[in-house]
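In: just to be clear, the model below is a prediction. Sequence and coordinates:
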Amino acid sequence: METQKPILALTMGDPSGIGPEVVLKALAHPEVYEKCDPLVIGDRRILDRAMVALDIEPLLIDEAGGPATAVFQPGTVTLIDLRDADPAECPLGEISAASGKAAVDYVFAACDMAMAGAVDAIVTAPLNKAAMFAAGFHYAGHTELLTERTGAEKVSMLLIGPKLRVVHVSTHVALTEAIRRVTKQRVIDVIQIAFDACQALGIENPRIAVAGLNPHASEGGLFGNEEATEIEPAIAEMRAKGMDVSDPQPPDTVFLRATKGAYDIVVAMYHDQGHIPMKLLAFDSGVNVSLGLPVIRTSVDHGTAFDIAGKGIAREESMLAAIEVAVQMVEARNASME
């Protein structure tokens with residue numbers, strides 16, 4: 001692909017939520033166009049509806065047939081219009097099967113374009129799981145949807161905030177299942193993913209912290225044995241490969257230590273263990289990255305926020321940060337191929 005700036009496919013998200021608003025608000029920042037060529041995948045009728053609620057200068061919408069025919073410039077939203085979200089069937093702030101299907105359509109389209117090399121990365125606005133389920137798509141989220149679509153084998157979720165990076169051993173599963181998934185091999189895989197992710201972000205020799213599963217990282221076996229049987233053997237194997245990996249750290253202090261600069265990234269054992277500190281520290285500015293896919297995908301780290309959809313008050317900081325991280329990852333990938 002001959003372009004000086006990466007082309008990013010921005011999916012509009014669930015039409016009934018705040019996704020269209022945050023996409024439009026982000027693209028109202030001219031500096032976005034200095035870093036990349038943003039190509040929105042969505043429905044013009046929904047963007048027109050969202051525009052009415054926004055306190056920004058009206059944006060022109062240019063319907064493109066694809067990246068090759070698109071013209072990217074500030075003040076204009078370059079859109080591939082899938083024409084699949086009738087506003088009458090996608091009411092603001094409500095779960096809708098039509099919205100769920102449309103949101104999945106946008107992700108599928110962006111994924112297929114990235115797999116074909118037509119775009120350099122995908123940046124996603126939020127889905128609503130209930131709406132997806134109502135439409136017959138039984139995915140827990142973007143990560144699972146993209147894993148199946150691309151045929152990827154080992155995918156994990158990376159959260160990035162201004163002071164914290166977290167990658168997970170498991171995400172959208174019941175807590176009992178999350179405990180079962182803490183195996184030596186899975187911990188090895190995620191430590192490797194954490195290492196590769198840091199390098200993709202320009203950290204040459206990352207310092208990786210590993211959170212324990214149990215309180216106080218089991219405190220020598222007093223509160224469980226997964227640290228001794230699964231986590232510590234995984235750490236030893238990765239240290240033997242030359243990686244800077246900590247002992248299992250007490251989960252109640254490791255994230256604080258990371259924010260103070262002791263570590264570059266934390267391996268969390270399950271969804272809430274990693275998400276709670278990230279949401280607390282970077283609710284409006286966090287970024288979600290799917291690692292292990294054959295394509296680059298970043299996302300806002302918030303939901304569809306039906307309670308404020310259509311009110312024009314959704315904040316775009318997370319979308320701007322997701323665009324920034326996608327650009328960084330594309331540039332790092334291109335540099336590694338030179």
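Out: That came in fine, so what should we check first? Numbers count the residues shown, from 1 in each chain.

In: which parts of the protein belong to which domain?
Out: In the assignment given by automatic domain parsing, the structural domains of the chain cover 1-152+294-338, 154-292.

In: may I ask which helix or strand of the chain has the lowest mean pLDDT?
Out: Every helix and strand in the chain was compared by mean pLDDT, DSSP states H and E; the lowest is strand 60-63, with a mean of 82.

In: chain center to that one, what's the gap?
Out: Strand 60-63 sits 26 Å away from the centroid of its parent chain (C-alpha atoms, centre = their mean, to the nearest Å).

In: could I get it in PDB with only the CA atoms?
Out: Included here for strand 60-63 are C-alpha records, laid out as PDB according to Å, rounded to 0.1, in the frame of the first residue of the first chain:
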ATOM      1  CA  LEU A  60     -19.100  17.000   5.600                       C
ATOM      2  CA  ILE A  61     -19.600  13.300   4.800                       C
ATOM      3  CA  ASP A  62     -17.800  11.900   1.800                       C
ATOM      4  CA  GLU A  63     -19.000   8.500   0.700                       C
END
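
In: right, and the helix or strand after it?
Out: strand 76-81 (DSSP states H and E).

In: average pLDDT for that next one?
Out: For strand 76-81, the mean pLDDT works out to 93.

In: which element follows that strand toward the C-terminus?
Out: helix 97-115.

In: can you redo the domains of the chain as TSV with mean neighbour count?
Out: In this view, the C-beta of every residue, glycine as well, is placed from N, C-alpha and C. What follows is the domains of the chain, written out as TSV (neighbours: other C-beta atoms under 10 Å):
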stretch	mean neighbour count
domain 1-152+294-338	20
domain 154-292	19
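
In: for residue 213, see how far away the residue of the chain positioned farthest from its centre is.
Out: Going by C-alpha atoms, centre = their mean, the residue of the chain most distant from its centre is residue 222, 36.1 Å out. Summarising the geometry, the distance separating residue 222 from residue 213, computed by C-beta to C-beta, to the nearest Å, is 13 Å.

In: then residue 62?
Out: Taking C-beta to C-beta as the measure, residue 62 and residue 213 are separated by 50 Å.

In: repeat that for residue 46.
Out: Look at residue 46 and residue 213: by C-beta to C-beta, they are 42 Å apart.

In: and if you look at residue 21?
Out: Counting by C-beta to C-beta - residue 21 and residue 213 are separated by 38 Å.

In: the strands in the stretch 101-250 of the chain, which residues?
Out: Remark: strands of the stretch 101-250 of the chain, listed N- to C-terminal, are 121-124, 156-160, 165-168, 207-211, 244-249; assignment by DSSP state E, counting those that start in this stretch.

In: got a list of what the residue farthest from the centre of the chain touches?
Out: Residues in contact with residue 222 (C-beta atoms under 8 Å, 6 or more residues apart in numbering) are residue 216.

In: contacting residues for residue 237?
Out: 184, 188.

In: show the pLDDT at it.
Out: For residue 237, the model assigns a pLDDT of 98.

In: try residue 225
Out: Here the pLDDT value assigned to residue 225 is 93.

In: can you report phi and psi for it?
Out: Torsion angles at residue 225 (phi, psi; degrees, to the nearest 10) stand at phi -130, psi 0.

In: ok, the closest residue to it other than its chain neighbours to residue 248 distance?
Out: Ranked by C-beta to C-beta, 6 or more residues apart in numbering and with sequence neighbours excluded, the top spatial neighbour of residue 225 is residue 218, at 6.7 Å. When C-beta to C-beta is the yardstick, residue 218 and residue 248 sit 8 Å from each other.

In: and for residue 75?
Out: With C-beta to C-beta as the criterion, residue 75 and residue 248 are 51 Å apart.

In: repeat for residue 158
Out: 20 Å.

In: same thing with residue 22?
Out: Residue 22 is 37 Å from residue 248, where distance means C-beta to C-beta.

In: who's the nearest residue to residue 232 once chain neighbours are set aside bridged to?
Out: Spatial nearest neighbour of residue 232, excluding adjacent residues (C-beta to C-beta, 6+ apart): residue 248 at 6.5 Å. With DSSP bridges as the criterion, residue 248 is bridged to residue 210.

In: tell me the contacts of residue 248?
Out: Listed by C-beta under 8 Å, 6+ apart, the contact set of residue 248 reads 210-213, 217-218, 227, 231-232, 235.

In: where among the strands of the stretch 101-250 of the chain is average confidence lowest?
Out: Among the strands of the stretch 101-250 of the chain, strand 156-160 has the lowest mean pLDDT, at a mean of 86.

In: so what are the sheet partners of that one and their directions?
Out: As defined by DSSP bridges, the strand partners of strand 156-160 come to strand 165-168 (antiparallel), strand 287-291 (antiparallel).
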